[in-house]
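In: Got a predicted structure here, sequence first:
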Amino acid sequence: MATVRKLSSKFPLGQMVMTPGIRERVSSAELLAALVRHVRGDWGDLTDEDRAVNESALRYGGRLMSAYLMADGRRFWIITEADRSRTTALLPDEY
């Protein structure tokens, strides 16, 4: 029998939404892998300063943002709102 591992998350994602650009350009597997990293606190391709902002937002409240690279090298973002009501996956030019 297969074992199901519980996803350890640092925060709730809330409602999940994606922009048309994500729907068209990011594979489901890439998006799912990025969401798992995001909810675990692996912020992806961010500066040390931006990582510190996220860590502070985890402790004291605030928006959380991660940046990941698609297989073709283009960036996409995942943003969880400060109140944890919504997480949006989007391309930088859709911001």
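Out: Noted; the coordinates are in hand.
In: From now on I want contacts and neighbour counts done on CA atoms only, so please keep to that.
Out: OK.
In: Am I right that S66 falls within a strand?
Out: Yes: under DSSP: H, G, I helix; E, B strand; the rest coil, S66 falls within a strand.
In: which stretch of helix or strand covers the most centrally placed residue in the chain?
Out: By CA atoms, centre = their mean, the chain has its centre lying nearest to I78, at 3.5 Å. If you go by DSSP states H and E, I78 is part of strand 75-80.
In: State the pLDDT value of the residue nearest to the centre of the chain.
Out: pLDDT for I78: 98.
In: and what of T19?
Out: Reported pLDDT for T19: 98.
In: Pull the number of nearby residues for it.
Out: 13 (other CA atoms under 10 Å).
In: Please enumerate the helices of the protein.
Out: 20-25, 28-39, 48-60 (DSSP state H).
In: V39 and L46, how far apart?
Out: V39 sits 15 Å away from L46, taking CA to CA, to the nearest Å as the criterion.
In: who has more neighbours, those two?
Out: When V39 and L46 are compared for neighbours, V39 comes out ahead with 20 against 14, by other CA under 10 Å.
In: Do you know the pLDDT at A57?
Out: Taking A57 on its own, its pLDDT is 98.
In: and it, what does it touch?
Out: 63-64, 82 (CA atoms under 8 Å, 6 or more residues apart in numbering).
In: By neighbour count, which of those wins?
Out: So for the contacts of A57 (other CA under 10 Å), the most neighbours sit at L64, 25 neighbours.
In: So what pairs up with it in the strands?
Out: Following DSSP bridges, L64 is listed with bridge partners T80.
In: from now on call the first residue 8
Out: Right, with 8 as the first residue, what we last looked at is L71.
In: returning to that earlier point: please verify my assumption that the residue nearest to the centre of the chain contacts E101.
Out: No: using CA atoms under 8 Å, I85 makes no contact with E101, being 11.9 Å away.
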